[in-house]
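>>> Generate a structure from the sequence data that follows.
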Amino acid sequence: LSFIRLFSGSLKKDSAVPVSTARKPVKLGQLLRVQADQVENIDAAGPGDIVAVAKMEDLHTGAVLGEIPLPEIKFPSPMVGLAVTPKSRGDETKLSGALNKVVEEDPTFRLDRDSQTKELVMTGMSELHLMVIRERLVRRDKLEVETKEPKIPYRETIQATAEGMYRHRKQSGGRGQFGEVHIRMWPLPQGTDIEEFATKKRFASMKSYHYDEAVNFLWVDSVVGGVIPGNFMPAVEKGFRDRLERGVIAGYQIQDVVVEVHFGKHHPVDSSETAFKTAGSMAFRNVFQEARPSLLEPVVKIDITVPEDNVGDVYSDMSSRGGRVQGTDSAGGNLQTVRCEIPLRSVTTYSRTLSSMTGGQGSYSMEFSHYDVVPGNVQQEIMTKSKVQEEEE
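Below you'll find the predicted structure:
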């Protein structure tokens, strides 16, 4: 059912009306008056009435019927997220379809697939909101789901320079595998001008460079004398990119790194793309481990609006969670908005705390700010939980 509220004019059954989300007038069909589980057919509706129509594909939440435009409805941003999976294996497609239907119906519900953690995350206004949606999935779609806190998308990087090599050699009857790659590695600060950085002055033997802005990764080809044939360099790059995605110390995506390939060895018979991909990946891993690797965590900007009496409580709570208060603004009435920066891991379940602290009168919004180095004690704990299983193929 699509529910319609009339502000002016009248609406009659089977009438065709212009709709802001459709190219041509839409025929409405039978009008319905809904009271709880009681549904009554009606012929017309006037100002102030709320009516429903059935099976209307062209009506979407927020659409305006009629020729007079109305201001767009401003919906609050959903803040409470849960990773969701179907209880029954094989129901992934059914779950995605059911949740996308909810997204269409409810502008305060968001669905995202995190490319790094590989989780499907649903975000709503509160834990109660998400619980109601779970019940709707069971009732309407006969679909039971399991939920948990979303994983934090940490990143890996380095704090120092290092160099090293890896020789991949395998002989198991018949043609063997051989590839050797020597690399140097540096940190690459965010905001670095790549054209000014990747110069012959810095890399004397540079033939070319390749930059990936998404993860701030630069690799430089400085191989001379054909020690690694040019047709194998794309395989070396594939090895690097494989390692960027898989991580080294805790299985998270790597960013802010420069790699220079400056030497290597090949065999006229046994060298192959597979051998050099493996050599590139393993050389990256070995050198990364020597370059003071560290974890980065997402830091968010959070605006917390609370009654004036609770401002001190928010300051204390943010400080205990490792946050930095940036300032306070008046939000009108008896409310104040506290602006903070804080690691995302510290506020994944903040809605519970805020509701308890303010008796349900507080609200908050947050957005991603930047990545920052994880404190040593926290980093060790994260690495222990997510050890990368590494074995050379």
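
>>> Which stretches in the stretch 1-150 of the chain count as strands?
Assigned by DSSP state E, counting those that start in this stretch, the stretch 1-150 of the chain shows strands spanning 2-5, 11-12, 16-17, 26-27, 31-35, 38-42, 44-45, 50-53, 80-86, 110-113, 120-124, 145-148.

>>> Just tell me which of those strands ends up closest to L218.
Closest to L218 of these is strand 110-113 (CB to CB; 28.1 Å). C-betas here are computed from N, CA, C, even on glycine.

>>> Give me the buried positions along the closest one.
Within strand 110-113, the residues that count as buried by 16 or more other CB atoms under 10 Å are R110.

>>> same deal with stretch 51-64?
For stretch 51-64, by 16+ other CB under 10 Å, it's V51, V53, M56, L59, A63, V64.

>>> Kindly report the same for stretch 303-320.
Neighbour counts over stretch 303-320 (16+ other CB under 10 Å) mark D303, I304, T305, V306, P307, N310, V311, D313, V314, Y315, D317, M318 as buried.

>>> Validate this expectation: the second one resides in a strand.
It stands for I304. Yes: read with DSSP: H, G, I helix; E, B strand; the rest coil, I304 is one of the residues of a strand.

>>> ok, so what distance separates E273 from E92?
33 Å (CB to CB, to the nearest Å).

>>> Then T192?
Per CB to CB, T192 is found 40 Å from E92.

>>> Settle it for me: which of these two has more neighbours?
With neighbours defined as other CB atoms under 10 Å, T192 and E92 compare such that T192 has more, 16 against 12.

>>> What residue, apart from its backbone neighbours, is nearest the more buried one spatially?
Closest residue to T192 apart from its sequence neighbours, by CB to CB, 6 or more residues apart in numbering: N216 at 7.8 Å.

>>> number of nearby residues for the one you found?
N216: 20 neighbours (other CB under 10 Å).

>>> just G97 next, same as before
With other CB under 10 Å as criterion, G97 counts 11.

>>> now F232
Neighbour tally, F232, other CB under 10 Å: 22.

>>> pretty sure it is in a helix, no?
Yes: counting by three-state DSSP, F232 is found in a helix.

>>> phi, psi of the residue most central in space within the chain?
Nearest to the mean C-alpha position of the chain, by CA atoms, centre = their mean, lies D114 at 4.4 Å. D114 adopts backbone torsions of phi -80, psi 120, taken as degrees, to the nearest 10.

>>> can you give me the helices in the stretch 201-350 of the chain?
Assignment of helices within the stretch 201-350 of the chain using DSSP state H, counting those that start in this stretch yields the ranges 233-246, 273-290, 311-320, 350-358.

>>> List just the one of those that sits closest to S126.
The nearest among these, by CB to CB, is helix 350-358 at 6.0 Å.

>>> May I have the closest one as CSV, with CA atoms only?
Extracted in CSV, the C-alpha atoms of helix 350-358 (Å, rounded to 0.1, in the frame of the first residue of the first chain):
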residue,chain,number,x,y,z
TYR,A,350,26.8,5.1,21.1
SER,A,351,23.0,5.4,20.7
ARG,A,352,22.5,3.2,23.8
THR,A,353,24.8,5.3,25.9
LEU,A,354,23.3,8.6,24.7
SER,A,355,19.7,7.4,25.3
SER,A,356,20.6,6.3,28.8
MET,A,357,22.5,9.5,29.6
THR,A,358,19.8,11.9,28.4
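
>>> buried set for the next helix or strand after that helix?
Next helix or strand after helix 350-358 toward the C-terminus (DSSP states H and E): strand 363-373. For strand 363-373, the neighbour count (16+ other CB under 10 Å) marks S363, Y364, M366, Y371 as buried.
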